[in-house]
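J.: Below are the sequence and a predicted model; questions follow.
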Amino acid sequence: MTARRKATGIALVGIAPLALTVLTASPAAAHGSMSDPVSRVFACYAEGPESPQSAACKAAVQVGGAQAFYDWNGVRDGNAGGKSKEKIPDGKLCSGGDAAFKGLDLPRADWPSSKMRAGKHTFHYKATAPHKGSFELYITKAGYDPTKPLKWSDLEAKPFAKVTDPTLTNGEYVFDGKVPARSGRHLIYSIWQRSDSPEAFYTCSDVVFGKAKGGSAAAPAPTASAPTDTQIAAGAEKASMDLRQHSHKGGGTGGHGDAAPQAGADRPALAGDTDAAHHGNAARPEGGAKPLAGQHLAETGGDSSTAPIAIAGAAVLAAGAGVLFATSRRRAARHRG
């Protein structure tokens, strides 16, 4: 083997792993939930997954366990592909068809709710990993009965608000919509469909127009509150979906390679578990995250620091290979002399 070929081989062997790092750097998983009006899962998380205050949240924990609320940003279908209405069965809209969040599907008239009125409303959607995509918001029809399982036919056929790639402000998507006139207790259902992946996210937000019955005279239905950043940070260690890294690793069976889930008898199966009988909620392979607006949020296209680091490393190896090549040529020239 000539000196030139040897140097070239060394350079290629050194650069190849880093080149693969650049090529395989993939988008981080999108995660989030509606914060205005507050979604069910977000409201119950704010109350405290282990000891919620409202009767509805207590019942949801009894049915599905507390882990679902630590994973408040993961009500999702990794393979929705714009077919949410076809894939999610009636009665399971609030859980996104995922048994891990089945407590959210309980038909009750006392879920924590937000005041709402007809006309323009500015919606906020907390995003722990923002991505390009579209939001569709649906509202229940007049005559909606919250004590019955939510069906697709309970929602208006068309969204009253639809927006693509809304503005991200302080870790939240913010966009306006014109809310239809209603009276009493209703529900706003959101679908966040990513455009860079088949993954979609779902929320149910209980809202009240004017006055509504709910709960009892002794314990009326509470007002929903979104958790503070401090509360979110405090529960991050117990989230099976890492709020900081989102290191999803898709497998042949749709595995969800998040941080190791917490042990506990009340922990339900997690979104993306490999048990096919649970669901087929596989996510695409995902990458890392970077800080944004004081929080670790992943950007579309993956962690922007990954590629520069890999390229810089490759450049260093290439430079070293160049020096080795030049040295070999000088030695070869001396031997010919």
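T.: Cool, got the structure.

J.: bridging residues for the nearest residue to T128 once chain neighbours are set aside?
T.: Leaving aside its chain neighbours, T128 sits nearest to H31 (4.5 Å; criterion: C-beta to C-beta, 6 or more residues apart in numbering). In short, each C-beta sits where N, CA and C put it, glycine included. Beta bridges link H31 to A129, judged by DSSP bridges.

J.: my read: H31 touches G74, true?
T.: Yes: counting by C-beta atoms under 8 Å, H31 does reach G74; the two are 5.9 Å apart.

J.: Return the distance of G177 relative to V38.
T.: Using C-beta to C-beta, to the nearest Å, G177 is found at 16 Å from V38.

J.: A55 now?
T.: For A55, the distance to V38 - C-beta to C-beta - is 17 Å.

J.: So between these two, which is more surrounded?
T.: Neighbour count, other C-beta atoms under 10 Å: between A55 and V38, V38 has more, with 27 against 18.

J.: Any idea what the more buried one is bridged to?
T.: Going by DSSP bridges, V38 forms beta bridges with S35.

J.: still on that earlier bit, what number of residues lie near the residue nearest to T128?
T.: 28.

J.: And the strands in this protein, which stretches?
T.: 31-36, 76-77, 114-116, 119-129, 133-139, 161-164, 167-169, 172-179, 184-194, 200-209, 290-292, 295-297 (DSSP state E).

J.: Apart from its neighbours in sequence, what residue is nearest D165?
T.: Per C-beta to C-beta, 6+ apart, closest to D165 is K132, 5.4 Å.

J.: My guess is that neighbour contacts D196. True?
T.: Yes: between K132 and D196 there is a contact under C-beta under 8 Å: 5.5 Å.

J.: The stretch 1-150 of the chain: helices as residue ranges?
T.: Ranges of helices within the stretch 1-150 of the chain are 3-24, 40-47, 55-64, 67-70, 84-87, based on DSSP state H, counting those that start in this stretch.

J.: Select from those helices the stretch with the lowest mean pLDDT.
T.: Lowest mean pLDDT of the helices of the stretch 1-150 of the chain: helix 3-24, a mean of 43.

J.: Return the residues in contact with D176.
T.: For D176, the contacting residues are K120, H121, T122, F123, A161, by C-beta atoms under 8 Å, 6 or more residues apart in numbering.

J.: who wins for most neighbours among these?
T.: Going by other C-beta under 10 Å, F123 tops the contacts of D176 with 23 neighbours.

J.: correct me, but it touches S39?
T.: No: F123 is beyond contact range of S39, at 11.2 Å (criterion: C-beta under 8 Å).

J.: So what's the residue count around A60?
T.: 28.

J.: Pull up the gap between it and L155, please.
T.: 21 Å.

J.: Ok, R185 next?
T.: 15 Å.

J.: Neighbour count for the two, which is higher?
T.: Neighbours of R185 and L155, each counted by other C-beta under 10 Å, are more numerous for R185; the result is 25 against 20.

J.: quick one: pLDDT of that one?
T.: 96.

J.: isn't A100 right up against G64?
T.: Yes: counting by C-beta under 8 Å, A100 touches G64, with 6.9 Å between them.

J.: For G81, give me its contacts.
T.: P198, A200.

J.: redo that, cut-off 7 Å
T.: P198 (C-beta atoms under 7 Å, 6 or more residues apart in numbering).

J.: low-scoring pLDDT stretches of the chain, where are they?
T.: Confidence mapping of the chain against pLDDT under 70 gives the ranges 1-30, 212-220, 241-337.
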